[in-house]
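With the sequence up front, the predicted model follows.
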Amino acid sequence: MSNRMWGGRFSSGPDAIMEEINASIGFDQRLYRQDIAGSIAHARMLAATGILTEADRDAILAGLDEVRSEIEAGTFTFSRALEDIHMNVESRLREKIGDAAGRLHTARSRNDQVATDFRLYVRDCIDMLLGQIAALQLKLVERAEAEAETIMPGFTHLQSAQPVTFGHHLLAYVEMLGRDAGRFADARKRLNENPLGSAALAGTSFPLDRDMTSAALGFDRPTANSLDAVSDRDFVLETLAAASLCAMHLSRFSEELVIWSSAQFGFIRLSDKFSTGSSIMPQKRNPDAAELVRAKVGRIIGALTALSIVMKGLPLAYSKDMQEDKEVAFDALDALSLSLAAMTGMIGDLTVNRAKMHAAASSGFSTATDIADWLVREAGVPFRDAHHITGRIVASAEAKGCGLEGLTIEDFKAIDERIDSRIHKVLTVESSVRSRKSYGGTAPDNVLMQVARWREALTGE
Ligand code: ARG
C-alpha cells in the first residue's frame with residue numbers, strides 16, 4: 001500500500017530498508033509537545049485569517065489535546081510507516097476528527113514544521129541548561145565563601161607554583177560557567193525567530209499571519225527568508241558549540257576532582273553518594289561520576305562535529321540529510337544536562353581537607369616569588385636580578401633539606417647582604433595569599449568581594 005500522507009502518485013509502498021532508513025519516529029517522538037504546540041498555533045492562525053472555519057479549528061484543537069494526552073499516558077502507538085512525529089500526530093488526529101485533520105496542513109510543510117519544532121525544543125533545552133548552570137554557579141559561590149581563606153597550592157604545569165585560596169580556585173569555574181551561560185543566551189537570541197509559514201521552501205499563497213504564530217509560540221519575529229528558514233540549522237550548531245565549551249570546562253574541573261581526591265593529594269573527599277567501590281579491592285573509592293563528566297565532552301564535541309559535517313555542502317533548501325540533526329543533538333544536550341547535575345551534586349557534597357591543602361601549599365618553595373618581590377620592593381633590586389638571587393636561596397634550602405622558612409637570617413645574608421629579618425614575614429603562605437590583592441587576585445578579601453558580586457548577579461541579593 002502506498003503512503004497515506006504522500007502516496008498519491010506511488011503504486012507501491014517502500015522497501016523495508018527504505019522504511020528503516022527513512023523513519024525518524026524512533027527518536028523524534030520526543031518533539032511531540034513542540035509539534036502539537038506548533039499545530040495549535042497554526043490552526044488558530046488559519047481560523048483567524050479565514051483560511052479554516054471555526055468549527056474545523058475547534059475540532060483540531062480538541063483532537064490535538066487528546067493526542068497529547070494519549071502520548072503522555074503512554075497509550076499512543078507510534079508507527080514507523082508514518083515516518084516521523086509530524087505524520088504520526090496528524091494521522092491520529094484524522095482517526096479522531098476525520099477530514100478536518102487534513103485541513104491542518106494547509107499552508108504548511110513538514111519542512112517549516114520540523115524547523116519550528118526543533119527550534120522550540122532547543123530553546124527549551126537552553127532554558128533548562130541556563131537554570132542548571134546558575135544552580136551550579138550558586139553552589140560554587142557558597143563553597144567559595146566558606147573556603148575564602150583556605151590555602152592550597154596553585155599549579156602551573158601541574159607543578160606547585162604559588163599558594164592560592166581554594167575559594168579563588170572555585171570562583172575560576174564560576175567565571176567559566178558565566179561565559180558558558182552568556183553563549184547559550186546569545187544563541188537563544190538568534191534562534192528565537194519563527195520559521196512557521198515558510199512552507200516547503202518558497203512561502204505560501206495563503207494570507208497567513210506569521211506575527212500571530214510567532215507571538216503564540218514565544219518567538220520574537222517571523223524568519224525573513226523562507227529558503228533560509230527551512231535550511232538553517234545554525235541554531236543547533238551554535239547551541240552545540242556552547243555545549244562543547246561548557247562540557248570542556250566541566251571536564252577540566254572533573255579532572256581536578258579526580259586528582260584532588262586521590263590518596264596522594266587527599267585535598268578533598270567526594271561523598272559516598274558520588275563515589276563507587278571496586279568489586280575486588282575493598283579499600284577503593286572511585287570518583288566515577290567525575291570521570292564520566294570528564295568523558296562526556298567527547299560525545300558533545302562529537303555531535304558538533306557530526307552535524308557540522310552533515311550541513312557542509314548541503315544545497316538550499318531542505319534535504320533529508322537534515323533529519324540527522326536530531327539524534328546527536330538530543331544525546332549531546334542530555335549529556336550536558338546530566339553532567340551539570342552530577343557536578344552540582346559532587347560540589348555540594350564534597351568535604352575539604354584544609355590541613356592537607358595547607359601542607360601541600362607550604363611545600364615546594366611556593367613562596368619563592370614572594371622573596372623576589374620583597375627584594376624588588378624593599379631593596380630596590382631589579383626583578384631579573386631578584387629572580388636570580390631567589391633561585392640561589394631556593395638551592396641553599398634544598399641543600400640544607402628544609403623549606404624557605406627553615407633558613408636563618410645568616411643563610412639569607414650569605415647569599416645577599418641586602419636581605420634582613422623582615423624577609424621572614426613574607427615566607428608564610430598566609431602572607432603570600434593575603435598580599436595578592438591586585439584586582440582579580442587570590443587574596444581572601446578579593447574572594448569575598450567576588451562572592452558578593454556573583455551572589456548578587458545570580459540571586460539579585
Ligand atoms: N522527519 C523529517 C526531519 O526530521 C521531517 C521533515 C521531512 N520533510 C520532508 N520533506 N521529507 O527532517
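All right, it came through fine.

Moving C-terminal from the lengthiest helix in the chain, which element do we reach first?
Selection of the longest helix in the chain by residue count, based on DSSP state H, yields helix 110-146. Later in the chain than helix 110-146, the nearest helix or strand by DSSP states H and E is strand 151-156.

Neighbouring strands of that next one in the sheet, and parallel or not?
Sheet pairing for strand 151-156, assigned by DSSP bridges, gives strand 159-165 (antiparallel).

CA atoms only for the partner strand, dumped as CSV, please.
Coordinates of the C-alpha atoms in strand 159-165 are reproduced here as CSV (Å, rounded to 0.1, in the frame of the first residue of the first chain):
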residue,chain,number,x,y,z
GLN,A,159,53.9,21.7,39.5
SER,A,160,53.5,23.8,42.6
ALA,A,161,53.7,27.4,41.6
GLN,A,162,52.3,29.8,44.2
PRO,A,163,49.8,29.4,47.0
VAL,A,164,46.2,30.3,46.2
THR,A,165,43.0,30.2,48.1
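
Please identify the buried residues of it?
Neighbour-count burial for strand 159-165, counted by 16 or more other C-beta atoms under 10 Å, picks out 160, 162-165. From N, CA and C alone the C-beta is placed, and that goes for glycine too.

from the residues you listed, which single one is nearest the ligand?
V164 (49.2 Å; C-beta to the nearest ligand atom).

Point out the residues in the stretch 301-450 of the chain that sit beside the ligand.
Within the stretch 301-450 of the chain, the positions adjacent to the ligand are 318, 320, 322-323 by C-beta under 6 Å from any ligand atom.

So what touches the helix or strand where D411 lies?
The secondary structure element spanning D411 is helix 409-415 (assigned by DSSP H and E). Residues outside helix 409-415 that contact it (C-beta atoms under 8 Å, 6 or more residues apart in numbering) are 389, 392-393, 396-397, 400, 419-421, 423-424.

rerun that using 7 Å as the cut-off
Helix 409-415 is touched from outside by 389, 392-393, 396, 419, 421, 423, with contacts defined as C-beta atoms under 7 Å, 6 or more residues apart in numbering.

Pull out the buried positions in that helix.
411-412, 415.

Rebuild those as CSV, extending it with pLDDT and distance to S198.
Conversion of these to CSV gives the following (pLDDT from 0 to 100; distance: C-beta to C-beta, whole Å):
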residue, pLDDT, distance to S198
D411, 94, 79
F412, 95, 77
I415, 95, 77
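
wait, which of the residues you listed is closest to G63?
F412 (87.6 Å; C-beta to C-beta).

Next one: that closest one relative to G348, how far apart?
46 Å (C-beta to C-beta, to the nearest Å).

where's I268 relative to the ligand, distance?
45 Å (C-beta to the nearest ligand atom, to the nearest Å).

make that G154, sorry
Taking C-beta to the nearest ligand atom, one finds G154 at 49 Å from the ligand.

Quick check: chain neighbours aside, which residue is closest to that residue?
V164 (3.6 Å; C-beta to C-beta, 6 or more residues apart in numbering).

mind listing what that neighbour touches?
Here V164 is in contact with 152, 154, 433, 442 (C-beta under 7 Å, 6+ apart).

ok, and what's touching stretch 364-379?
153, 160, 162-163, 381, 383, 386-387, 389-390, 393-394, 397, 403-404, 418, 422-423, 426-427, 429, 432.

What are the buried residues along that stretch?
Going by 16+ other C-beta under 10 Å, stretch 364-379 has these buried residues: 364-376, 379.

Alright, that wraps it up for me.
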